[in-house]
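> Just a sequence and a predicted model for now, questions to come.
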Amino acid sequence: MNTIKLTAMAFGLAAANVFAQEASTAQTANQPAVEPTKATDVAVEKKGPEFKVSGKAEFDAYAHASTAQDQRIYHSYASTIDVDFNVKFNENWSAFAEIEADGNSEDPFVTYKKAYIQYNRGDNFTLRVGDLTFSEGAFSFYNYDDAGIYAAGMREHDIRGLDMQLYGFQFGLGFGRGSNDFSCSKNISCYGEANKSYDIHLAYQFDIAGQSFRPFFHYKSWQTKDENELHAGLHTDLLLGPFDIHAVYGLHADRMKKSYPNASHALLAEPTLNLGRVLIKTGIFFAFFDDDMDKATIHESGDAYEIPEYKFAYGEIDFKATDIFTAGFVGEWHTNTIDNTKELGSVNFGPRLYFSPVENLNMKGFVKVVVPVGDDWKKDEHDKWVSTTDYGKDASFYFGLETVFNF
């Protein structure tokens, strides 16, 4: 009965509104037309969503020549295109979508990367819902700056869920997505049973006297006994006069309730000295694994390790000759393994050239000499201990040209 009454009332109100509009129309038809004289009388056209497309493309070519008996030159490629779609509905609501092609070839496949909606309230509150990526404590060093593969803190973990940021505090929660949905590490066998993982991410960004600090915590579970992992640590960026110091401590642990594997620890410091036209970039990295490698936490995907080697150091000096041309020289020392009982070191050095003729276009060329150092390079089974590149026992030359443009 109440429903019938409400329906009758609704129809009555609708009819009254129609009659009122008709009466108004008839009255207006009997009056002379009057031009609007006030700005408030002019209808304002409603503004639609703002749409923007941006992205990046990169195509690289490399060559490798060994001084061994086989002195042929081998080449390889790497290609990337990333396209971002941004939609702004109003001052508070927006959306983002991304597609990407990325691979060590000249024709990588284009795939869906992510999409999410975002709500902002002022400058200190953001809420995102959709496909999100968390990573912490990335390397600045050019060989390991792909956070999807390497990190001193935590490489990229993809989820479908939510992320809230409030006054520097970040909280994320969601289900594992893509490769992040599978349980896989040195001590946890990869298996096909997915659709069970979830991630919790916590971080807090704060500044003290102009210095930036970011403690972080990330827990992941596959809802299976002893199938879990933990990343935690601290990421800092310090500005001390002409010095810019990027530093990270990272804790990596699997199967927290078991006696092994034992946690691994990573320490990274990358100071940069800016002297105007002269820029000096340096870095040193240490990782500490259990003495028994079978009981150490080691995260891997394919042939790449999250912690790429147990120790390395580098230094690069760049001279900015003009606004578009920079010349530099780099020297590196690597252990090339995560097993500190193996002698698979190398010394790498060579010139690097940077060319930026216009904004958003950058080209980089380099020549690098690699000199292996260590007796284990001569052993036939050395490849199973190498965690970076298998250089072999002979010196070799590497050449490269990398081109990147943004749009």
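Nice, I can see it.
> ok, which stretches of the stretch 151-300 of the chain are strands?
Using DSSP state E, counting those that start in this stretch, the strands of the stretch 151-300 of the chain run over 154-166, 169-176, 198-204, 206-208, 211-221, 228-240, 243-254, 264-274, 278-288, 300-301.
> what stretches of the stretch 301-407 of the chain score poorly on pLDDT?
Across the stretch 301-407 of the chain, the ranges flagged by pLDDT under 70 are 303.
> picking that back up, any chance of the strands of the stretch 151-300 of the chain in a markdown table, with mean neighbour count too?
No exception for glycine: its C-beta is placed from N, CA and C like everyone else's. Converted to a markdown table, these look like this (neighbours: other C-beta atoms under 10 Å):
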| stretch | mean neighbour count |
| --- | --- |
| strand 154-166 | 20 |
| strand 169-176 | 18 |
| strand 198-204 | 18 |
| strand 206-208 | 10 |
| strand 211-221 | 17 |
| strand 228-240 | 18 |
| strand 243-254 | 20 |
| strand 264-274 | 19 |
| strand 278-288 | 18 |
| strand 300-301 | 16 |
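> and of those, who's closest to Tyr314?
Between Tyr314 and the strands of the stretch 151-300 of the chain, the shortest separation by C-beta to C-beta is 5.2 Å, and it involves strand 278-288.
> can you give me the angle the closest one makes with strand 264-274?
Angle, strand 278-288 to strand 264-274, by axes from the mean of the first three to the mean of the last three C-alpha atoms, to 10 degrees: 170 degrees.
> on contacts alone, who are the packing partners of strand 278-288?
strand 264-274, strand 311-320 (3 or more C-beta pairs under 8 Å, 6 or more residues apart in numbering; DSSP states H and E).
> Which one of the ones you listed lies nearest to Asp294?
Counting by C-beta to C-beta, Asp294 lies closest to strand 264-274 out of the helices and strands packed on strand 278-288; the figure is 13.2 Å.
> Which residues does the closest one contact?
Outside of strand 264-274, the residues that reach it under the criterion C-beta atoms under 8 Å, 6 or more residues apart in numbering are 137, 139-141, 152-153, 233, 242-253, 279-290, 296-298, 307.
> Just give me how far stretch 391-407 sits from the chain centre.
Centroid separation between stretch 391-407 and its chain, computed with C-alpha atoms, centre = their mean, to the nearest Å, is 22 Å.
> Contacts for the helix or strand hosting Lys56, please.
Using DSSP states H and E, Lys56 falls within strand 50-66. Outside strand 50-66, the residues within contact range by C-beta under 8 Å, 6+ apart are 71-88, 106, 392, 394-407.
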